[in-house]
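Chemist: Kindly return the folded structure for what I paste below:
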Amino acid sequence: MELRIDRQALVPVVQQIVDGLIDWIMQSGAPPATRLPSVRQIARGNLLSQSSVAEACERLVAQGVLASRQGAGFMVAASPKTLNRSAACKAGCGVSCAAVSGLKLGSGGLPESWRESDDLSYAIRQVARTDMASLFGYSSALGLPALREQIVKRLKILSIEAHESQLVTTAGASHALDLIVRTLLRAGDCVVVETPGYAPLFNLLRLHGVHMIEVRRTPIGPDIGALETLLREFQPSAMFINSHHHNPTGTSLTPAVAQQLLQLCRLHQVRLIEDDVYADLHSGNGTRLAALDEQVIYVGSFSKTLSSSLRVGFILADTELIARLAQVKMISCLGASGFNEAVLASLIASGAYRKLVQRQCQRLNTDRTAALQALEDADWEVFGKPTGGLFIWARSSMTDHARLRRYAQHSDVLLSSPGAFSPSGETSEWHRINVAYACDPRARQFFRSTCADRPRVF
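Modeler: As a prediction, this is how the structure comes out:
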């Protein structure tokens, strides 16, 4: 029984053993009452400690995946089909039980099994013991000064010069975008958005009655020629863009496209809103628009990397606009969570957050390479080859999309809605593949099934 334990990964070894045992049961199709190898055999075969293997097995007993009998060791208690739908979720392999069951291959975040709780739990306890004001009170209008100071330091790593007075904290990136739309736009205004693009942004703009003009995203950024035509024709007031690890294509702006984009927006007096929520998952060098032009409004977030529940984001802009955004923030929600901001500030200051994202990037890089290879083996076309972030944008060589979705359903894989990433709801044959889910056995089975269906040439 090979469990594929990665001792360099951010996931604790015991959790990896849990995931590995579930994968083994699912891949082997072991029915209930199948006896597992002894704890000693599993440990010896995978160079693990017996205590770690025993703890993993006990967790699976508590979750109903395994059963234990004195003197008989551990045996399978759940069928592989049941595991597909529920046990994998209980074990933390990233499947959400809150909605429809299945592996959410197009998910927008990291699986729960990738989350680390030790440093977060310690910081929460530390703030609860030492900072009563953050525990019970609102944060200030601009946000916790200690956190804004840490954000300024992190932005400098991205070559973005900022001052604390140019920052306002938010309850995640969605809140940041909402504040920007409320403050700068009115019903009937016109803005440019990328297609494919970020579906929640489209919904937010519709909610406020803002008209969207679509510009096609290419592997190196927005189509500059088409954008120039749109700016001349419609004279929009703003443009929203993912600079790096674009959602959903995973692509990043090249320096040349970034310069052309800035020149066009200056010429046509268009406000640029740069959504860079995947900044901490970036590998290598990159060009941020906010580093090239101080008039760019920059949005960041820590929810994608740290915790979806501990929602903290921020906006960087000129001080006059920040003052207006802070005023809208206080009117609409009386401020963000001072407790969340204090916990995050503690994690950044201690170096724990930096180490966390380093481990996440290492694991994503490994899984991305494997996912790209699996897609290539299955004859899927990849839209650009991402170097960081969560997503790969790909399409199968199968022309029968209904059959493709049936194959996905048969493998217990959930694909994103065909029109989810288009402002106009236009259906697409391209699919968002989340790297962190693409190495799951169900995803591998799905990719192989699409390859097996390919007509053979003799």
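
Chemist: When you work out contacts or count neighbours from here on, use the C-alpha atoms and nothing else.
Modeler: Fine.

Chemist: Can you classify residue 244 by secondary structure?
Modeler: Assigned with DSSP: H, G, I helix; E, B strand; the rest coil, residue 244 falls in the coil class.

Chemist: My read is that residue 74 contacts residue 65, right?
Modeler: No - counting by C-alpha atoms under 8 Å, residue 74 stays clear of residue 65, with 10.2 Å between them.

Chemist: wait, residue 228 sits on residue 263?
Modeler: No - using C-alpha under 8 Å, residue 228 makes no contact with residue 263, being 10.3 Å away.

Chemist: Same drill for residue 74 and residue 65, tell me which one is more crowded.
Modeler: residue 65 (27 against 23; other C-alpha atoms under 10 Å).

Chemist: what about the strands in the stretch 351-458 of the chain?
Modeler: 381-382, 391-395, 413-414, 431-434 (DSSP state E, counting those that start in this stretch).

Chemist: Centre of the chain to stretch 115-124, how far?
Modeler: How far stretch 115-124 lies from its chain's middle: 19 Å, per C-alpha atoms, centre = their mean, to the nearest Å.

Chemist: go on, stretch 328-347?
Modeler: That offset, for stretch 328-347, works out to 22 Å (C-alpha atoms, centre = their mean).

Chemist: ok, longest helix in this structure?
Modeler: Assignment by DSSP state H gives helix 352-377 as the longest helix of the chain.

Chemist: what about it, average pLDDT?
Modeler: Mean pLDDT, computed over helix 352-377, is 92.

Chemist: do the same with stretch 413-425
Modeler: 87.

Chemist: Now do it: distance from first to last residue.
Modeler: 22 Å (C-alpha to C-alpha, to the nearest Å).

Chemist: And the contacts of it?
Modeler: 102-107, 195-199, 202, 212, 214, 248, 405, 408, 426-432, 442-443, 446 (C-alpha atoms under 8 Å, 6 or more residues apart in numbering).

Chemist: before we move on, what about stretch 347-358?
Modeler: Against stretch 347-358 from outside (C-alpha under 8 Å, 6+ apart): 10, 116, 119-120, 123, 150, 280-281, 305-306.

Chemist: In it, which residues are buried?
Modeler: Buried residues in stretch 347-358, counting neighbours by 16 or more other C-alpha atoms under 10 Å, are found at 347-348, 352-353, 356-358.

Chemist: for stretch 319-326, same thing?
Modeler: Neighbour count says stretch 319-326 has 321-323, 325-326 buried, by 16+ other C-alpha under 10 Å.

Chemist: now stretch 58-72
Modeler: 58-61, 63-68.

Chemist: And for stretch 308-317?
Modeler: Buried positions in stretch 308-317, judged by neighbour count with 16+ other C-alpha under 10 Å: 310-317.

Chemist: start to end distance for it?
Modeler: End-to-end span of stretch 308-317 (C-alpha to C-alpha): 24 Å.

Chemist: how about the helices of the stretch 1-150 of the chain, start to end?
Modeler: For the stretch 1-150 of the chain, applying DSSP state H, counting those that start in this stretch gives helices covering 13-28, 39-45, 50-62, 80-82, 88-90, 118-130, 132-136, 145-157.

Chemist: Lowest average pLDDT across these?
Modeler: helix 88-90 has the lowest average pLDDT among the helices of the stretch 1-150 of the chain, namely a mean of 41.

Chemist: so what's residue 196 up against?
Modeler: 216-217, 248-249, 421-423.

Chemist: so what pLDDT did the residue most central in space within the chain get?
Modeler: What sits nearest the mean C-alpha location of the chain, by C-alpha atoms, centre = their mean, is residue 109, with 3.1 Å. We have a pLDDT of 89 for residue 109.

Chemist: Same check on the one 4 residues further on?
Modeler: At residue 113, the predicted lDDT confidence score is 78.

Chemist: can you give me how far the longest strand anywhere in the chain is from the chain middle?
Modeler: What stands out as the longest strand in the chain, according to DSSP state E, is strand 211-218. Remark: strand 211-218 is offset 22 Å from the chain centroid, using C-alpha atoms, centre = their mean.

Chemist: So that it lines up with my notes, have the first residue be 32 from now on.
Modeler: Let's use 32 as the start, then, which means that last one is strand 242-249.

Chemist: quick one, domains of this structure?
Modeler: 44-117, 149-384, 387-483 (automatic domain parsing).
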